[in-house]
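Student: Got a predicted structure here, sequence first:
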Amino acid sequence: MAQGVSGLRITCYGLRVTDYVLRAPSYGLRVTGSGLRITCYGLRVTDYVFRFPSSGLRITHYVLRMILLIAYGNPLRRDDGAGLRLAERMAGYWQSAGTPLRHLAVHQLTPELAVEIAEPAILAVVFADARAEPPGGLAAGVTVTALGSAGVAGSPSLGHHTEPDVLLAYASLLLDGRPAPPAWLVTTPGVDFAHGEGLSLRASAAIESAFSQPDHAVMRLLDSLRRQMSEVAECTHTGDN
């Protein structure tokens, strides 16, 4: 038997199949039929179970779903690295809860990151960045912005070359026009971008404040995605019966 799997196609061939049941628990898909070749087109199938009742054969394939956390900034330019520090706190929260996570820390967003976003395992994407604010301006804390399938143009981040909305659009192209995973942009204020390490008191205080308030937008996002990941994991492991 030979078995081929891409993100969009499942093919089982080389086996004299008389009847079969194909289940994709994460999609609620169930297909039954007969023949010598089975092909499923048009779906980004990541989890599936093949059952062949007449032979007792069963083939199961799972992809571990996870959150993709992309933090960007330069830690050698003071508050430019505030998004990196913010992401470390977010990652720590999810990891302590056992939430599957891929955490990337980069100096700037580049088109190649669209490949990471388009991976079948990615259920949600969170971008973390610093945003410039005048030193004497009103005190604003960490903010959370939901991005649509095409992103949000003119986001309030510092704009490290490629923007999140552009990456989501690229990812959609890699997915043959299907929407990219749900995404959010989380930004924290920065006032000092001179050469040097460490954050300003204002940037540090904004991050600490966000994590000290259970009802803060950041904490609500963290908890919401944690619950979603837990539900997906439960459905995946109980839906192949």
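Tutor: Sure thing, it's come through.

Student: Enumerate the positions of the helix ranked longest in the chain that are buried.
Tutor: With secondary structure taken from DSSP state H, the chain has its longest helix at helix 217-238. Judged by neighbour count (16 or more other CB atoms under 10 Å), helix 217-238 contains these buried residues: A217, V218, M219, L221, L222, L225, R226, Q228, M229, V232, A233, T236. Placement of C-beta: from N, CA and C, glycine included.

Student: Closest one of those residues to A91?
Tutor: Comparing those against A91 with CB to CB places L222 closest, at 10.0 Å.

Student: Now do the nearest residue to that closest one once chain neighbours are set aside against V144, distance only.
Tutor: Residue nearest to L222 in three dimensions, not counting chain neighbours: Y93, with 5.1 Å by CB to CB, 6 or more residues apart in numbering. In this structure, Y93 and V144 are separated by 14 Å, where distance is defined by CB to CB, to the nearest Å.

Student: And the longest helix of the chain, what does it pack against?
Tutor: In terms of contacts (3 or more CB pairs under 8 Å, 6 or more residues apart in numbering; DSSP states H and E), helix 217-238 is packed against strand 66-72, helix 82-96, strand 122-132, strand 143-147, strand 183-190, helix 201-212.

Student: Kindly recompute the last result at 7 Å.
Tutor: Helix 217-238 makes packing contacts with helix 82-96, strand 122-132, strand 143-147 when contacts are defined by 3 or more CB pairs under 7 Å, 6 or more residues apart in numbering; DSSP states H and E.

Student: among these, which is the most enclosed?
Tutor: Mean neighbour counts were compared across the helices and strands packed on helix 217-238 using mean count of other CB atoms under 10 Å; the top stretch is strand 122-132, at a mean of 24.

Student: Give me the below-cutoff pLDDT ranges for the chain.
Tutor: Counting by pLDDT under 70, the chain contains low-confidence ranges at 1-63, 136-139, 149-161, 233-241.

Student: per-domain residue ranges of it.
Tutor: For the chain, automatic domain parsing gives the domain ranges 2-61, 66-232.

Student: quick one: the residue nearest to L147 when sequence neighbours are not counted from Q213, how far?
Tutor: With sequence-adjacent residues excluded and distances taken as CB to CB, 6+ apart, L147 is closest to A183, at 4.2 Å. Per CB to CB, A183 is found 23 Å from Q213.

Student: can you check S96 too?
Tutor: Summarising the geometry, the distance separating S96 from Q213, computed by CB to CB, is 18 Å.

Student: do L104 as well
Tutor: Separation of L104 from Q213 (CB to CB): 27 Å.

Student: again, but for Q108
Tutor: Relative to Q213, Q108 is positioned 30 Å away (criterion: CB to CB).

Student: same question, P75
Tutor: According to CB to CB, P75 and Q213 sit 25 Å apart.

Student: In terms of neighbours, single out the busier of these two.
Tutor: Here P75 and Q213 are compared on neighbour count by other CB atoms under 10 Å; more neighbours surround P75, at 17 against 14.

Student: So that one belongs to a strand, correct?
Tutor: No. The assignment for P75 by DSSP: H, G, I helix; E, B strand; the rest coil gives coil, which leaves it out of any strand.

Student: Thanks a lot, catch you later.
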